[in-house]
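**Q** Take a look and give me a structure for this.
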Amino acid sequence: MAKKAIITGINGQDGSYLAELLLDKGYKVYGIIRRSSIESTDKTRNIEHIIDKVHLSTCSLENSLAVYKLFASIQPDECYHLAATSFVSYSLEDDLSIMMNNFTATHNILLSVIEACPKCRVYFAGSSEIFGDVNVSPQNEKTSYNPRSVYGISKLSSHQLIKNYRKQYGIYACTGFTYNHESPRRGCAFVTRKITSAAASIALERASYIDLGNIDAARDWGYAPEYVRAMQLMLNAEIPKDYVIATGKLHTVRELLETAFNVVGLDYRNHIRIKKEFIRPAEEVALVGDSTEIYKDLGWKARAKFEEIIQEMVENDLRILRMEQNKA
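**A** Reported below is the predicted structural model:
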């Protein structure tokens, strides 16, 4: 009998790639999205090519009864909890909604699994933001937690729930500390996609400049289709363990700019404006992950090259813009 998997946030970057992977492996895939998302073609674009192969349900993850009914009805073998308010904010007015969305949703899922389908295995999408303001580099599973944003705090709170429920109730639950991972399906609010789409727009003479903050900021950027494979491996291991999922390599925003604009034969220095409002607090020690443990246990390793990821994203943005021009 085919395994059944629930993916929260199936219409996001990771959710869509994970759905493809699980379908290829013969899973029956159930996706949870917000009602506002199912009514928007923009928000379901990532899964439009598999929309007839997955089973979609609209559900507010903050509604404990609705989540319980869904899990009780589906009786999933696996749950990949990817949905979250993902914008890393330093603004007070966002704090409550970020905490409510991220922590409450995780809590409701764990409670539903315990009560309705205790054999269901749960993957929680953690983040490098859990480590936050670090004093060691690279970071691994033993690194101390020191989140510097409410988003990071909400992720850490959820991770602690995962650990607590795993120990107290014996369920199979684990956290993947995923570092930045990109693809053509990355949202435009993220700096990678902001840069690749800007390079495409400028190359097609639809824009002239891109506004950015500190371009010497460095990140550990990986490839989303590889990272969802790590998630699936984690839920199919013998024992539940938490792992860092990262490349172990740092690249600056400046390198990202140079790579993206090289794809379209332009010099980024002629098309950039530095804006103070986009400058985030400086990091004394860079966030870069050490994935030795998951490679040793499960054989997973990041293999895609940074330059190839960015090139794919720029070329995809060029295709999108040219299609829009042809429709106009």
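**Q** Identify all contacting residues around the one helix or strand residue 230 maps to.
**A** For residue 230, the host element (DSSP states H and E) is helix 224-235. Helix 224-235 is contacted by residues 13-14, 17-18, 21-22, 25, 78, 80, 121-123, 125, 172, 174, 176, 178, 181-183, 185-186, 240-241, 243, 245, 294, 298-300, 302-304 when judged by Cβ atoms under 8 Å, 6 or more residues apart in numbering. (Glycine included, C-beta is placed from N, CA and C.)
**Q** Narrow the residues you listed to those that are buried.
**A** 13-14, 17-18, 21-22, 78, 80, 121-123, 125, 172, 174, 176, 178, 181-183, 185-186, 240, 243, 245, 294, 298, 300, 302, 304 (16 or more other Cβ atoms under 10 Å).
**Q** Just the ones in strands from these, please.
**A** 78, 80, 121-123, 125, 174, 176, 178, 181-182, 243, 245 (DSSP state E).
**Q** Next SSE downstream of the lowest-mean-pLDDT helix or strand in the chain?
**A** The helix or strand of the chain with the poorest confidence is helix 35-38; it has a mean of 60 (mean pLDDT, DSSP states H and E). On the C-terminal side of helix 35-38, the nearest following helix or strand under DSSP H and E is strand 55-58.
**Q** What is that next one packed up against?
**A** Other elements packing on strand 55-58 under the criterion 3 or more Cβ pairs under 8 Å, 6 or more residues apart in numbering; DSSP states H and E are strand 28-33, helix 35-38.
**Q** In this structure, where is pLDDT below threshold?
**A** Along the chain, segments meeting pLDDT under 70 span 35-41, 86-93, 282, 328.
**Q** Can you spell out the domain ranges of it, please?
**A** 4-181+221-245, 186-219+249-287+305-327 (automatic domain parsing).
**Q** Please identify the deepest-packed of those domains.
**A** The highest average neighbour count among those, using mean count of other Cβ atoms under 10 Å, belongs to domain 4-181+221-245 at a mean of 19.
**Q** now the end-to-end length of that one.
**A** End-to-end span of domain 4-181+221-245 (Cα to Cα, to the nearest Å): 24 Å.
**Q** which strands and helices sit next to the helix or strand hosting residue 112?
**A** Element membership for residue 112, per DSSP H and E: helix 105-116. Packing partners of helix 105-116 (3+ Cβ pairs under 8 Å, 6+ apart): helix 64-74, strand 78-81, strand 121-125, helix 150-169.
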